[in-house]
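J.: Structure for the following, please:
(2 chains)
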Protein chains: 2
Amino acid sequence: MRAPDELRALVEEHIESLALTPELAGLQESMRYALEGGGKRIRPVICLATAEAAGAPATEALPAAVALELVHTFSLVQDDLPAIDDDDERRGRPTAHRAFGDGVALLASDALLTEAFRLALGYEDPDVARELVAATGGMIAGQFLDITDADVELAEIHRLKTGRLFRAAVELGLCVAGLDERERSGWHPFSNELGLLFQAVDDVLDGDGYVLRLGEAGARQVAADAADRARAALEQLEADTSVLREIVDDLAVRTT
Amino acid sequence: MRAPDELRALVEEHIESLALTPELAGLQESMRYALEGGGKRIRPVICLATAEAAGAPATEALPAAVALELVHTFSLVQDDLPAIDDDDERRGRPTAHRAFGDGVALLASDALLTEAFRLALGYEDPDVARELVAATGGMIAGQFLDITDADVELAEIHRLKTGRLFRAAVELGLCVAGLDERERSGWHPFSNELGLLFQAVDDVLDGDGYVLRLGEAGARQVAADAADRARAALEQLEADTSVLREIVDDLAVRTT
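T.: All right, here's what the predicted structure looks like:
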């Protein structure tokens, strides 16, 4: 079992050496710019740790894990566009559209999504790609609820916008390890908590979302409760989930 | 063998009754708006006609054919956005972003793409989705060359931006009919001409592209030559390609 930092290093290496479709030629620069912006790679690390817990070597899950990161990056590039948040900076650098122009950034985001599906389709089992496509659709649905100020609970927006990719991180790791749909469903009580845990901590760090609704202490409690339920769910699984437990602990106390 | 108009009716019916992922909820309205804008459905019709020529019933190819139309519609919605062409009208109606706002239109385009992959992944053979993903990547690469005024031949831009989806129309029809990669490659001399034929006629109708480089007569000649090569390629195939021949004839003389 590899520790989270080892898994993160694997992800970084795989992203750095990732062979993008040659046809994308000049567009690759903006794709790599967005992809190499110093993210924490939390989703791919969860994917790899899950694969190992389910008995597959992390390396086997790398394409699926990186595909998840490509989908996540696609969503960040688009969120930053003038059509959505119109942000100039992300992680201390100009956003993709500030660096490359709106049109190129948009196409780079599309290409990131398409490459993600290509990676997922590299597996013999089409369930890897099916799960990634379903999660992406859910994420887009959550983003729609978010930008239209739809009259739905914050928890429902998070379940879709953030939660679906986190759930997919677990699901893809299990798919790669060869678990069928019934076996995978036993992991849902765990995977369903991850998005909420991540988002509530994010809101505490950014002072928005749950903090605006429940105050900082209330938001911290949401995160703590989600972490407790995630830990309890892990204990129900017949697998060595020690690394996943460590990841949950880290997510609950992260400061960046 | 169904005639092109019968195939078009099948496509329209399937699009009208298409069950989008329920999670997309409020976003479905803008997706359907873009999808039901009165397109000619040329790509899906070619897909169905190819499937029939290769021995599969058209109905079996419908999800793949409609997936192609979803990818095409995704590209139209994005082309119209302020980030690319900033167009207010398409086919006599407000463009999606004029009707629903830039953010919702962008998400609708993403959801159209994601739904396209979902439909393609409904087939047991993952090559259907693989081919669609590869064609989409090629189309995006062509769009990048187009908007950045890259120093490449117009033919190369068209080969990617327009040609890849047309080629995929044939390829998906053959995949659905169960032809393997080697068998499918025999159809490339035909499928490679379709994008050029379509685009050169488009340029004649719009007075741009090839018309600006070669004059109207020159552009017409490009189209006529592509149509001739397409017909000759069909004759080399051991299949009843009469309906595809009719489609080529129609494409060569279309006025809208």
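J.: Could I get the full set of helices for the stretch 51-200 of chain A?
T.: A:58-80, A:96-100, A:102-120, A:127-147, A:154-161, A:163-176, A:181-185, A:188-206 (DSSP state H, counting those that start in this stretch).
J.: Kindly reformat these as CSV containing distance to B:E183.
T.: The way it works is simple: take the backbone N, C-alpha and C, and place the C-beta from them, glycine included. As requested, the helices of the stretch 51-200 of chain A are exported to CSV (distance: least, Cβ to Cβ, whole Å):
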stretch, distance to B:E183
helix A:58-80, 28
helix A:96-100, 41
helix A:102-120, 23
helix A:127-147, 24
helix A:154-161, 42
helix A:163-176, 30
helix A:181-185, 33
helix A:188-206, 41
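J.: Identify, out of these, the most deeply packed stretch.
T.: Most buried of the helices of the stretch 51-200 of chain A by mean neighbour count (mean count of other Cβ atoms under 10 Å in any protein chain shown) is helix A:163-176; its value is a mean of 28.
J.: ok, now which ones touch the residue of the stretch 151-256 of chain A found nearest chain B?
T.: Relative to chain B, the nearest point of the stretch 151-256 of chain A is A:L160 (6.9 Å; Cβ to the nearest Cβ). The contact partners of A:L160, taken as Cβ atoms under 8 Å, 6 or more residues apart in numbering or on different chains, are A:138-139, A:141-142, A:145, B:23.
J.: A:Q28: how many residues sit nearby?
T.: 20 (other Cβ atoms under 10 Å in any protein chain shown).
J.: What separation is there between it and chain B?
T.: 10 Å (Cβ to the nearest Cβ, to the nearest Å).
J.: same thing with A:R98?
T.: 13 Å.
J.: what sits against that residue?
T.: Taking Cβ under 8 Å, 6+ apart as the test, what A:R98 contacts is A:88-89.
J.: near chain B, which residues of the stretch 101-250 of chain A?
T.: The stretch 101-250 of chain A comes close to chain B at residues A:102-107, A:110-111, A:113-115, A:117-118, A:121, A:124, A:126, A:129-130, A:133-134, A:136-138, A:140-141, A:143-145, A:147-148, A:150, A:160, as judged by Cβ under 8 Å from any Cβ of the partner chain.
J.: Report the secondary structure state of A:L237.
T.: When classified by DSSP: H, G, I helix; E, B strand; the rest coil, A:L237 comes out as coil.
J.: Run through the residues that contact it.
T.: A:L237 neighbours (Cβ under 8 Å, 6+ apart): A:53, A:186-187, A:190.
J.: Select, from these, the two members most distant in space.
T.: A:A53 and A:G186 (12.2 Å; Cβ to Cβ).
J.: Pick out whichever of those two has more residues nearby.
T.: Set A:A53 next to A:G186 and count neighbours by other Cβ under 10 Å: A:A53 wins out with 23 against 15.
J.: Next, the contact list for that one, please.
T.: A:1, A:173, A:237, A:239-241, A:243-244.
J.: Once you drop chain neighbours, what's closest to it?
T.: Of all residues not flanking A:A53 in the chain, A:A239 sits nearest, at 4.7 Å (Cβ to Cβ, 6 or more residues apart in numbering or on different chains).
J.: Is there a neighbour count for the one you found? I'd like the number.
T.: 16.
J.: Same question for A:E12.
T.: 14.
J.: Quick check, pLDDT for it.
T.: At A:E12, the model reports a pLDDT of 97.
J.: quick one: the closest residue to it other than its chain neighbours from A:L7, how far?
T.: Nearest in space to A:E12, with sequence neighbours left out and distances taken as Cβ to Cβ, 6+ apart, is A:R41 at 6.9 Å. Distance, A:R41 to A:L7, by Cβ to Cβ, to the nearest Å: 8 Å.
J.: These two: which has the busier surroundings?
T.: A:L7 (26 against 23).
J.: which SS state does the more buried one fall under?
T.: A:L7 ends up helix, using three-state DSSP.
J.: related to what we said a few turns ago, with mean pLDDT as added columns, please give the helices of the stretch 51-200 of chain A in JSON lines.
T.: Shown next, in JSON lines, are these (pLDDT from 0 to 100):
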{"stretch": "helix A:58-80", "mean pLDDT": "98"}
{"stretch": "helix A:96-100", "mean pLDDT": "97"}
{"stretch": "helix A:102-120", "mean pLDDT": "98"}
{"stretch": "helix A:127-147", "mean pLDDT": "97"}
{"stretch": "helix A:154-161", "mean pLDDT": "92"}
{"stretch": "helix A:163-176", "mean pLDDT": "98"}
{"stretch": "helix A:181-185", "mean pLDDT": "95"}
{"stretch": "helix A:188-206", "mean pLDDT": "96"}
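J.: Tell me which of those helices sits nearest to B:D203.
T.: Judging the helices of the stretch 51-200 of chain A by Cβ to Cβ, what sits closest to B:D203 is helix A:102-120, at 21.5 Å.
J.: Compute the inter-axis angle for the closest one and helix A:163-176.
T.: 30 degrees (axes from the mean of the first three to the mean of the last three Cα atoms, to 10 degrees).
J.: next one: phi and psi at the residue sitting nearest the centre point of chain A?
T.: What sits nearest the mean C-alpha location of chain A, by Cα atoms, centre = their mean, is A:R43, with 3.9 Å. Dihedral pair for A:R43: phi -60, psi -50, per degrees, to the nearest 10.
J.: Can you give me the neighbour number for A:G55?
T.: 12.
J.: Name the nearest residue to it, sequence neighbours excluded.
T.: Spatial nearest neighbour of A:G55, excluding adjacent residues (Cβ to Cβ, 6+ apart): A:A177 at 5.4 Å.
J.: Make sure that neighbour is actually in contact with A:A54.
T.: Yes - A:A177 is within contact range of A:A54, at 3.6 Å (criterion: Cβ atoms under 8 Å).
J.: Can you pick out the residue with more neighbours from the two?
T.: More crowded of A:A177 and A:A54, by other Cβ under 10 Å: A:A54, with 23 against 20.
J.: Now for the more buried one: which residues touch it?
T.: So A:A54 contacts A:173-174, A:177, A:179, A:239 (Cβ under 8 Å, 6+ apart).
J.: Next up, the contacts around the closest residue to chain B within the stretch 101-250 of chain A.
T.: Of all residues in the stretch 101-250 of chain A, the one sitting closest to chain B is A:D102 (3.7 Å; Cβ to the nearest Cβ). Taking Cβ under 8 Å, 6+ apart as the criterion, A:D102 is in contact with A:81-82, B:82-83.
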